[in-house]
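**Q** Structure for this input, please:
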Amino acid sequence: MIKKKVILLDHDLSCLDLMQIMMSELDFESYPFSSWESRTIQDFITIRPDLIILDQRLIGSRGPDICLILKSVNQLRHVPIILASESEELEAAARKCSADGYIEKPYNMAEIEKMVQWFDESVKY
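**A** All right, here's what the predicted structure looks like:
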């Protein structure tokens, strides 16, 4: 069985480690990124992810801005993006940047599993 691919973008290395463990338990192959650079888009295109989980607050970048960029790239526009944060404005930020979903920090395995299953059932590749 081919594992689905998830890109994890979070400046917090402990969050990246935790998400990699959670996604592995859900049979995803994880590709962690701790920063956003101009070449990161090409890396994302090369990976061909099935899902992107993007932190709202990154060093030097904002998750919603990156989400808008990713949604404008032909090779990535179909990829579901989940915005993650502990911010009280998370839902509004996710809506504003056209994210496909959002999840609150600290991460909860049950919520992650529910979100991933929803995408597996609703997104046809």
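
**Q** Chain neighbours aside, what residue packs nearest to the residue nearest to the spatial centre of the chain?
**A** Closest residue to the average C-alpha location of the chain: Ile53 at 1.1 Å, with Cα atoms, centre = their mean. Leaving aside its sequence neighbours, Ile53 sits nearest to Ile82 (Cβ to Cβ, 6 or more residues apart in numbering; 4.8 Å). For every residue, glycine as well, the C-beta is placed using N, CA and C.

**Q** do the same with Asp100
**A** Leaving out its chain neighbours, the residue that sits closest to Asp100 by Cβ to Cβ, 6+ apart is Pro80, at 4.1 Å.

**Q** quick one: the closest residue to Arg62 other than its chain neighbours from Trp36, how far?
**A** Distances taken as Cβ to Cβ, 6+ apart place Gln56 nearest to Arg62, at 7.1 Å, with adjacent residues excluded. Using Cβ to Cβ, to the nearest Å, we find Gln56 at a distance of 12 Å from Trp36.

**Q** next one: Leu9
**A** 7 Å.

**Q** name the helices or strands packed onto the strand or helix carrying Thr46?
**A** Assessed by DSSP states H and E, Thr46 sits inside helix 40-47. On a contact count with 3 or more Cβ pairs under 8 Å, 6 or more residues apart in numbering; DSSP states H and E, helix 40-47 meets strand 4-9, strand 28-33, helix 63-71.

**Q** On the strand side of things, show who Leu51 bridges to.
**A** Here Leu51 sits in beta bridges with Val6, going by DSSP bridges.

**Q** So it sits against Gln117, correct?
**A** No. Using Cβ atoms under 8 Å, Leu51 makes no contact with Gln117, being 11.5 Å away.
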